[in-house]
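Participant: got a structure for you, letters missing:
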């Protein structure tokens, strides 16, 4: 049996999947990136291989992607996260023409052609507004885990308008609203709305072509999904594996190489060694 | 009992609330500083209490209260509110008539102001939309390095080889700081790197109002020797700093100076200084009372 791995080293979390030769997921792993991206990549790789009940030698090909892909020392190939998200999204939703990926530190809108190729993309990578970090600020100010933000925001009855763009200032704005007696769910709904409108304008920069597939860690947030639906006025495809979409795309690239018979770099190295 | 007129200037900033009490001779009678927190009105009232306590006078002895800063409208016991641009211009012009360009780095905004020889605002540029280029950028970096705001300057001065911080966004700079720490860069080189980055952005803003010398720095950054050095090196010219620790109090000092001018004008016109609306603990002061008080021997030290 042939196995391949995709490792997506993001700014906040490292994700990894193992696929078999049919492209079925046989293992997944996720880890918070703390100090060192290279270490996080190594650990998430070891974890995913263990989760798949395999040993590292059984992985025929590994593709690394994400912000920290160049810190991955053990992989065979690096592919940009744009290509990987596009690949992962079209594999699950073949009619995808636009991908919106909201990650921890950047947001990308990708336009995809008829053959699944990347035609254009726009990125928000200079400023944390409109990225997962905006929710990170809310999580910090409200002292709630990220996973509870979406469900709580859905309970809002009178959303508060968040006026600051900057994530740093938004943190103080949240605390200010709470001090004035606004309810956390209403403040949170405002934060979600602010991200949704910013992401929507990013999507419009590449052209809003249905179908839209929403990927990245923030795609697990139900409030964000429903707000984006409202703001973009289009339903969005959301995968149960949305968080792993970059890693899945990377693993699919790895599968291409493995099927084409590209040798494992480590194996090649062993051959040349005396 | 009072020795003439007392005017308070209160500058309610995003991070700190500052107050200055001036006497008729324009001498500083007392100062007070507190964190603004999330209730600017409460902070202003508390800082005013500190101010009169420091001056050892009663609240009702304060003739006039002028407010400035982003929370200037939130103080119910004010006579007038003045924009901080005017306050910085007047205060700086008072100390240094040769200054033409003022830089004020606040906790959540940054301003470059061009003034004329009379301390009047001629042009200004500000950034209050993004934390890059404001004090928040340094505070974030310091927080990651486990430093208190007050220690930033002294700490950064130890740096021998400042590292380059290339992220503009204060949030992304955080990850850059973590990466630098992980690759073994010493914290003082990271702190100094953040100061150099902020200094560069500040000088860019100053260029947009013309960069005419002399230059002055106002705001809490005047307490940060590393920031002053970084700005002077980028400008290639010295920076005037408000004397006697008035740097962070520059806006409040300007508000008090303008308040005092207004009081003198009103009294000279024979008009009364009414208590601020909504407050009855401040008594109306008339010219006759002022003259009578000025003529009476001073009791307070």
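Facilitator: Great, that's in hand. Treat the numbers as computed from the prediction; the structure is a model and nothing was measured.
Participant: quick one: the helices in the stretch 1-150 of chain A?
Facilitator: A:37-51, A:81-92, A:132-142, A:146-153 (DSSP state H, counting those that start in this stretch).
Participant: just chain B next, same as before
Facilitator: For chain B, the helices defined by DSSP state H cover B:40-55, B:84-95, B:135-145, B:152-156, B:170-182, B:187-207, B:225-235, B:250-268, B:287-295.
Participant: so what secondary structure elements neighbour the fifth one?
Facilitator: In terms of contact count using 3 or more Cβ pairs under 8 Å, 6 or more residues apart in numbering or on different chains; DSSP states H and E, helix B:170-182 is assigned the packing partners helix A:167-179, helix B:135-145, helix B:187-207. Backbone N, C-alpha and C define where each C-beta goes, glycine included.
Participant: Residue B:76: neighbour count?
Facilitator: 12 (other Cβ atoms under 10 Å in any protein chain shown).
Participant: now do residue B:27
Facilitator: 8.
Participant: Give the buried residues for stretch B:254-273.
Facilitator: Within stretch B:254-273, the residues scored as buried using 16 or more other Cβ atoms under 10 Å in any protein chain shown are B:254-260, B:262-263, B:266-267, B:273.
Participant: what is the mean pLDDT for it?
Facilitator: Summarised as a single mean, pLDDT over stretch B:254-273 is 91.
Participant: if we look at that stretch, which residues are touching it?
Facilitator: With Cβ atoms under 8 Å, 6 or more residues apart in numbering or on different chains as the test, stretch B:254-273 has contacts from B:5, B:7-11, B:20-22, B:24, B:26, B:63-68, B:79-80, B:82, B:84, B:86-92, B:94, B:284-287, B:290.
Participant: Nearest residue to whatever residue of the stretch 151-300 of chain B ends up closest to chain A in space, please, no chain neighbours.
Facilitator: Closest to chain A within the stretch 151-300 of chain B is residue B:171: 3.7 Å, counting by Cβ to the nearest Cβ. The shortest distance from residue B:171 to any non-neighbouring residue, by Cβ to Cβ, 6 or more residues apart in numbering or on different chains, is to residue A:128 (3.7 Å).
Participant: In this structure the one you found contacts residue B:175, no?
Facilitator: No. Counting by Cβ atoms under 8 Å, residue B:175 is not a contact partner of residue A:128; they are 9.9 Å apart.
Participant: Between the two, which contacts overlap?
Facilitator: Shared contacts of residue A:128 and residue B:175, counting by Cβ under 8 Å, 6+ apart, come down to residue A:105.
Participant: the more surrounded of those two?
Facilitator: Per other Cβ under 10 Å, whichever of residue A:128 and residue B:175 has more neighbours is residue A:128, with 31 against 21.
Participant: residue contacts, that one?
Facilitator: Counted by Cβ under 8 Å, 6+ apart, residue A:128 has contacts A:105, A:134, A:166-167, B:169, B:171-172.
Participant: export those residues to TSV and tack on neighbour count?
Facilitator: Formatted as TSV, the contacts of residue A:128 follow (neighbours: other Cβ atoms under 10 Å in any protein chain shown):
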residue	neighbour count
A:105	21
A:134	26
A:166	26
A:167	24
B:169	24
B:171	24
B:172	23
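Participant: where's the closest residue in space to residue A:105 that isn't next to it in sequence relative to residue A:133, distance?
Facilitator: Nearest residue to residue A:105, sequence neighbours excluded (Cβ to Cβ, 6+ apart): residue A:11, at 3.8 Å. For residue A:11, the distance to residue A:133 equals 9 Å [Cβ to Cβ, to the nearest Å].
Participant: who has more neighbours, these two?
Facilitator: With neighbours defined as other Cβ under 10 Å, residue A:11 and residue A:133 compare such that residue A:133 has more, 29 against 21.
Participant: Might one say that that one is in contact with residue A:167?
Facilitator: Yes. At 5.5 Å, residue A:133 and residue A:167 qualify as touching, with contact defined as Cβ under 8 Å.
Participant: Overlap in contacts, the two.
Facilitator: With Cβ under 8 Å, 6+ apart as the test, residue A:133 and residue A:167 both reach residue B:171.
Participant: got the contact list for the closest residue to residue A:55 other than its chain neighbours?
Facilitator: In space, residue A:55 comes closest to residue A:49 once its chain neighbours are excluded; the distance is 6.6 Å by Cβ to Cβ, 6+ apart. Residues in contact with residue A:49 (Cβ under 8 Å, 6+ apart) are A:5, A:18, A:27, A:55-56, A:58-59.
Participant: Same question for residue B:153.
Facilitator: B:223-227.
Participant: what two of those residues are the furthest from one another?
Facilitator: The distance between the two most remote of the contacts of residue B:153 (Cβ to Cβ) is 10.6 Å, for B:223 and B:226.
Participant: neighbour-wise, which of these two wins?
Facilitator: When residue B:223 is set against residue B:226 and neighbours are counted by other Cβ under 10 Å, the residue ahead is residue B:226, at 25 against 16.
Participant: correct me, but the more buried one touches residue B:156?
Facilitator: Yes. Residue B:226 lies in contact with residue B:156 (Cβ under 8 Å); the separation is 3.7 Å.
Participant: re the thing from before, need the contacts of residue B:153 in CSV with pLDDT, can you?
Facilitator: Supplementary listing: those in CSV, determined by pLDDT from 0 to 100:
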residue, pLDDT
B:223, 92
B:224, 94
B:225, 94
B:226, 96
B:227, 96
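Participant: would you turn these into TSV with distance to chain A?
Facilitator: Shown next, in TSV, are the contacts of residue B:153 (distance: Cβ to the nearest Cβ, whole Å):
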residue	distance to chain A
B:223	21
B:224	19
B:225	25
B:226	21
B:227	18
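Participant: Near chain B, which residues of chain A? Just list them.
Facilitator: A:11, A:35-37, A:105, A:126-128, A:133, A:137, A:164-169, A:172, A:175-176, A:179 (Cβ under 8 Å from any Cβ of the partner chain).
Participant: Buried members of those residues into ChimeraX, please.
Facilitator: Restricted to buried positions by 16+ other Cβ under 10 Å, the ChimeraX selection for the residues of chain A next to chain B reads:
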select /A:11,36,37,105,127,128,133,137,164,165,166,167,168,169,172,175,176
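Participant: According to the record, where do the domains of chain B fall?
Facilitator: According to automatic domain parsing, chain B is divided into the following domains: B:6-84+B:250-295, B:98-240.
Participant: mean pLDDT lowest for which of those domains?
Facilitator: Looking at these, the bottom one is domain B:6-84+B:250-295 with a mean of 85.
Participant: So what's the gap between that one and the chain middle?
Facilitator: 15 Å (Cα atoms, centre = their mean, to the nearest Å).
Participant: gap between residue A:187 and residue A:127?
Facilitator: 21 Å.
Participant: Check residue B:170 too.
Facilitator: From residue B:170 to residue A:127 the distance is 10 Å (Cβ to Cβ).
Participant: Return every residue with contacts to both of these two.
Facilitator: A:166, B:130.
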